[in-house]
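> I would like to see how this sequence folds:
(chains A and B)
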Amino acid sequence: MEKLLATAAQLADPAVIAIVFIGVTAGLFVGAMPGLTAAMALAVLLPFTFTMSPLNGLVALGAVYMGAIYGGSFAAILVNTPGTPSSIATAFEGFPMSKKGRAVEALSVATISSAVGGLAGVTFLLLLSPPLARLSLKFGPAEYFWVAVVGLTLIASLSEGSILKGLLGGTLGMLLGTVGVAPIGGETRYTFGLPVLQGGIEMIVALIGLFVMPELFSMAAKGKAALTAVDLKSQERSSILATFKAVLSQPVNLIRSCIIGELIAIIPGAGGNIANLVAYNEAKRASKTPERFGKGTIEGLIASESSNNVTVAGSMVPLLTLGVPGAPPDAVILGVLLLHGLRPGIELFTTSGKLTYGFILSMGMASLALIPVGLLGGRIIYRVIFRTPYYFLVPTISLATLLGTFALRNSITDVLIMLLLGMGGYVLKQFGIAPAPIVLGLILGGIAEVGFVQAILGGMAQTYPVVRLFVNPLSWILIGLVLFSLAWPSLSAMLRKRSGRSEAEEEPNA
Amino acid sequence: MKKTIVFMLSTLLVTMLIPVSSFAEFPENPITYTIPFNPGGESDITARLQEDPLEKVLGVAVNVTHKPGGGGAVAWSEFQRTAKPTGYEIIGVNIPHIIGQPILRKDAGYETDGFNLIMWFHFTPNALIVQKESEFKTLQDFIDFAKKNPQAATVGGSGTYSANHLEALRLEEAAEIDLTYVPHTGTGPVIPAILGGHLTAAMGYSMMGVQYSDKMRVLAVAAEERLEQLPDTPTFKELGYDIVGGAFRGVAAPKGTPKEIVDKLAEAYTEVNKIIAPKQKKLGFVMTYATGEEADALVQEMKKAYQETFQRITKEKKGN
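Here you go, the predicted structure:
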């Protein structure tokens, strides 16, 4: 406790506060731009941190990370294009709200939820790191496989309307994920003799191609009607205080989403990209009015935005205690720690405790900084986007998207893949195949494959290696979740029938 | 068709990025130093350490860019196709990657000898590592177990045919045992797999053992001599298994780069390597200073060392 107070004092430095605000603001803009990801922002920032003291450097990285994950919600809400994979579900609710002229409200909800999520993540990291780290080690290959399967069951709820079309999209995504060098076995698959395809289809490239491009095509096609103008004055009146109340009046939703975010964050390799979808799905499942989801409800928005910001500090649990990056941006932070001669592990919390606790607390500061920066910056970005005529907006976003895609791996091939996927995605959308299941399949297909093959390899000495997938208690829990998730649609239908017919009229979409 | 478009576009782009250069007083323009892996890995950490002193020694900006994919092959194939031999485009290279991939992959898209090597600046030896609580105290314990229980010992490491994998294969041959190698996507995920007890052992780089000395035990290292950072750990050689290997990291220019320029870069990298040595040694790297003919000789030597293993793999592949 003393250590904490001493560290807190060290953060009262105006320079640190300035770094937090600048970092959060910079991160916000990076995250708001489709194609620019948190990991990329950190990599760009890295050389600059060398000129700072280790603490200031880490504070800057933490603030940018926090800002970037949050900033993804802007593009998601305003133009229906998730700025980062962590805000896919944000677009499901945020954009419909925006269309109804509630964009500013949606942005405020996202801001407050993100701040709550960020603070929750920091609290988990401060208080529960050791047990959480032990839990994260329990995840072996079999568990990874089942986590991926649990994730794939989300497709059922992500596919609006036809489940068949959702499954088709998910399969397509998994298939796209197989392009390149096989993660296990090292064979090249579906490269058609082109060496450039050895790198496979990067998830972000697919995200941009499938989400952003079709949206830009539709915007261009719709012309002036693409963005619904909002009477700003009436918007301003909907006070921030009321939004605060609206968000905080859903404590169950917030707590559930934060716990989901934390649990997913500590699994190395999974992060905000999966957490936001799972939290959204659970919010929908628990909701008394699931039929309102997808049409602009703040419940879903709260779930998505709080859970993804939990993962920022949450993924630091395996990073700081074990030296295992929980999500891609954490790899950069690991590099910084190593460059400063800091070895992840218990030492980080004892000998260099001042630095580590300073870093952790600064992420809490960054979460709080989201509120002023987000509420103010949100209004500015909102005005810029809605006052810019679409014939400037569409080309501007396109250009930024192209550059972002290229910058991802400095690869022109990625740009071509993105454009091809964009055209394909537009056509598929016309047939009712949504981009979300495709991206989900792409993310989870690889995790499932690696987990499955590693588990089988682990059981090579047994007669039936496949048994390996079913032996651990943690696997049983996950299998239970899969079964529950699969049975849920019929279960909920049964429950509803029993609870009376009065609600039956309301569920044409169920 | 697609190939030509890709080629044309990438050539166009690269030519736009290359400043017009003359050989007069190299270097006078910024140098692009490509790392074919993700930020945060061993190659990246090294490049970050080199960046600043390199700029001071050479007097021009050195821009580190990342082009990950295919275990390095995406960047290497593009580099051999498009990079201009001016010295302003250089790329990080790794052994055994650049030896193994062209032999074992159908479409690696580049050749081992298609680079003009500048220098190999460090070596990270492989090491057989177990959890601290493991019942295996010595290499002999592990080998005895593997002999009695074919395929039951799972050995984790980075991807298929990586330095780690090849070493595990060589250990199988040398000790006449049958292990199950479990590839991971990079060296990072091997750490929780070992700590969580999901593997019998890891064939990782020595750095892992140095950095996790409180949680892991290194049974043997695949180096010529014991490591400074692990003085109590025997080498495989001491224990009677002739296994020396790991990953060498270095830097290369395109084939055909003038000798004066390559020499100048080699000098600069040598100087920088001395500057960053203390920091790197602490992390468990073994510094090397192979430039010029020595650098080429190292590739040939390692090619020979891995030859038998490669032959065995290609035979098994055909057998399937």
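
> list the residues that contact A:Thr49.
When contacts are counted by CB atoms under 8 Å, 6 or more residues apart in numbering or on different chains, A:Thr49 touches A:Asn56, A:Gly57, A:Leu58, A:Ala60, A:Leu61, A:Val336. Just so you know, the C-beta spots here come from the backbone N, C-alpha and C atoms, and that holds for glycine as well.

> would you list the buried entries among those?
A:Asn56, A:Gly57, A:Leu58, A:Ala60, A:Leu61, A:Val336 (16 or more other CB atoms under 10 Å in any protein chain shown).

> what strand or helix carries the second one?
When elements are defined using DSSP states H and E, A:Gly57 is found to belong to helix A:54-79.

> starting at the chain centroid, how far to the following helix or strand past that helix?
Using DSSP H and E, the helix or strand that follows helix A:54-79 in sequence is helix A:88-99. When distances are taken as CA atoms, centre = their mean, to the nearest Å, helix A:88-99 is centred 14 Å away from the chain's centroid.

> nearest residue to whatever residue of the stretch 201-320 of chain B ends up closest to chain A other than its sequence neighbours?
At 5.6 Å from chain A, B:Gln211 is the closest residue in the stretch 201-320 of chain B, using CB to the nearest CB. Nearest residue to B:Gln211 in three dimensions, chain neighbours excluded: A:Arg343, at 5.6 Å (CB to CB, 6 or more residues apart in numbering or on different chains).

> same thing with A:Leu421?
Computed as CB to CB, 6+ apart, the closest residue to A:Leu421 that is not its neighbour in sequence is A:Gly209, at 3.0 Å.

> list the contacts for the one you found?
The neighbourhood of A:Gly209, defined by CB under 8 Å, 6+ apart, consists of A:Ile417, A:Met418, A:Leu419, A:Leu420, A:Leu421, A:Gly422, A:Gly424, A:Gly425.

> hang on, the fourth one in a helix?
Spelled out, that is A:Leu420. Yes: the assignment for A:Leu420 is a helix, going by DSSP: H, G, I helix; E, B strand; the rest coil.

> from A:Ile201, how far off is it?
Look at A:Leu420 and A:Ile201: by CB to CB, to the nearest Å, they are 10 Å apart.

> so between those two, which is more surrounded?
Using other CB atoms under 10 Å in any protein chain shown, the more surrounded residue of A:Leu420 and A:Ile201 is A:Ile201, with 24 against 14.

> where does pLDDT dip in the stretch 51-200 of chain A?
Residues of the stretch 51-200 of chain A that meet the criterion pLDDT under 70 lie in A:159-161.

> return the residues of it in contact with chain B.
A:136-141, A:180-188, A:191, A:193-196, A:198-200 (CB under 8 Å from any CB of the partner chain).

> do that again at 6 Å, thanks
Residues of the stretch 51-200 of chain A lying close to chain B (CB under 6 Å from any CB of the partner chain) are A:137, A:140, A:181, A:183-186, A:188, A:191, A:193, A:195, A:198-199.

> give me the buried subset of the residues you listed.
Buried residues within these, counting neighbours by 16+ other CB under 10 Å: A:Leu137, A:Gly140, A:Val181, A:Pro183, A:Ile184, A:Gly186, A:Thr188, A:Thr191, A:Pro195, A:Gln198, A:Gly199.

> show me which residues of the stretch 201-320 of chain B are close to chain A?
When proximity is defined by CB under 6 Å from any CB, the stretch 201-320 of chain B lies next to chain A at B:Gln211.

> repeat that for the stretch 1-150 of chain B.
With CB under 6 Å from any CB as the criterion, the stretch 1-150 of chain B meets chain A at residues B:9-10, B:13, B:39-40, B:45, B:65, B:67-70, B:73-74, B:77, B:105, B:107, B:109.

> which residues of the stretch 201-350 of chain A lie near chain B?
Proximity of the stretch 201-350 of chain A to chain B (CB under 6 Å from any CB) is limited to residues A:Pro268, A:Val324, A:Ala331, A:Val332, A:Leu334, A:Gly335, A:Leu338, A:Arg343.

> okay, and for chain B, where does confidence drop off?
Looking along chain B with the criterion set at pLDDT under 70, you get B:1-24, B:319-320.

> longest helix anywhere in it?
In chain B, taking DSSP state H as the definition, the longest helix is helix B:292-319.

> what is it packed up against?
For helix B:292-319, the elements it packs on are strand B:115-131, helix B:163-175, judged by 3 or more CB pairs under 6 Å, 6 or more residues apart in numbering or on different chains; DSSP states H and E.

> parallel or antiparallel, which strands does the first one pair with?
Spelled out, it's strand B:115-131. Partners of strand B:115-131 in the sheet, by DSSP bridges, are strand B:201-205 (antiparallel), strand B:216-221 (antiparallel), strand B:246-254 (antiparallel), strand B:286-291 (antiparallel).

> that one: how far from the chain's middle?
Distance of strand B:115-131 from its chain centroid, counting by CA atoms, centre = their mean, is 5 Å.

> what's the following helix or strand after it?
Next along the chain after strand B:115-131, taking DSSP H and E as the criterion, comes helix B:139-148.

> single out the most deeply packed of the strands paired with strand B:115-131.
Per-stretch averages of neighbours, counted by mean count of other CB atoms under 10 Å in any protein chain shown, single out strand B:201-205 among the strands paired with strand B:115-131, with a mean of 29.

> tell me the one of the buried ones among the contacts of A:Thr49 nearest B:Pro278?
Nearest to B:Pro278, judged by CB to CB, of the buried ones among the contacts of A:Thr49 is A:Val336 at 18.4 Å.

> list of residues touching stretch A:415-432?
A:165, A:201, A:205-206, A:208-210, A:213-214, A:217, A:402, A:405-406, A:435 (CB atoms under 6 Å, 6 or more residues apart in numbering or on different chains).

> among these, which lie within helices?
The helices, defined by DSSP H, take in A:Lys165, A:Val205, A:Ala206, A:Met213, A:Pro214, A:Phe217, A:Leu402, A:Thr405, A:Phe406, A:Pro435 from these.

> turn those residues into a markdown table, including neighbour count.
Supplementary listing: those in a markdown table, determined by neighbours: other CB atoms under 10 Å in any protein chain shown:
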| residue | neighbour count |
| --- | --- |
| A:Lys165 | 18 |
| A:Val205 | 27 |
| A:Ala206 | 26 |
| A:Met213 | 24 |
| A:Pro214 | 24 |
| A:Phe217 | 17 |
| A:Leu402 | 15 |
| A:Thr405 | 27 |
| A:Phe406 | 17 |
| A:Pro435 | 27 |
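
> most widely separated two among the residues you listed?
For those, the farthest-apart pair by CB to CB is A:Lys165 and A:Phe406; their separation is 31.7 Å.

> circling back to that earlier point, what comes up buried for the longest helix of chain B?
Going by neighbour count (16+ other CB under 10 Å), the buried part of helix B:292-319 is B:Ala295, B:Leu298, B:Val299, B:Met302, B:Lys303, B:Ala305, B:Tyr306, B:Thr309, B:Phe310, B:Ile313.

> tell me the gap between it and the middle of its chain.
Distance of helix B:292-319 from the chain centroid (CA atoms, centre = their mean) equals 14 Å.

> ok and that helix relative to helix B:163-175, angle-wise?
Orientation of helix B:292-319 against helix B:163-175 (axes from the mean of the first three to the mean of the last three CA atoms, to 10 degrees) gives an angle of 70 degrees.

> now the helices for the stretch 251-400 of chain A?
Assigned by DSSP state H, counting those that start in this stretch, the stretch 251-400 of chain A shows helices spanning A:251-265, A:272-286, A:298-314, A:316-322, A:328-339, A:346-349, A:353-387, A:390-409.

> mean pLDDT lowest for which of those helices?
Mean pLDDT is lowest for helix A:346-349 among those, at a mean of 79.

> C-alpha coordinates for it, PDB please?
Extracted in PDB, the C-alpha atoms of helix A:346-349 (Å, rounded to 0.1, in the frame of the first residue of the first chain):
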ATOM      1  CA  ILE A 346       7.900 -11.200  -9.800                       C
ATOM      2  CA  GLU A 347      10.900  -8.800  -9.900                       C
ATOM      3  CA  LEU A 348       8.900  -6.300 -11.800                       C
ATOM      4  CA  PHE A 349       6.600  -6.000  -8.800                       C
END
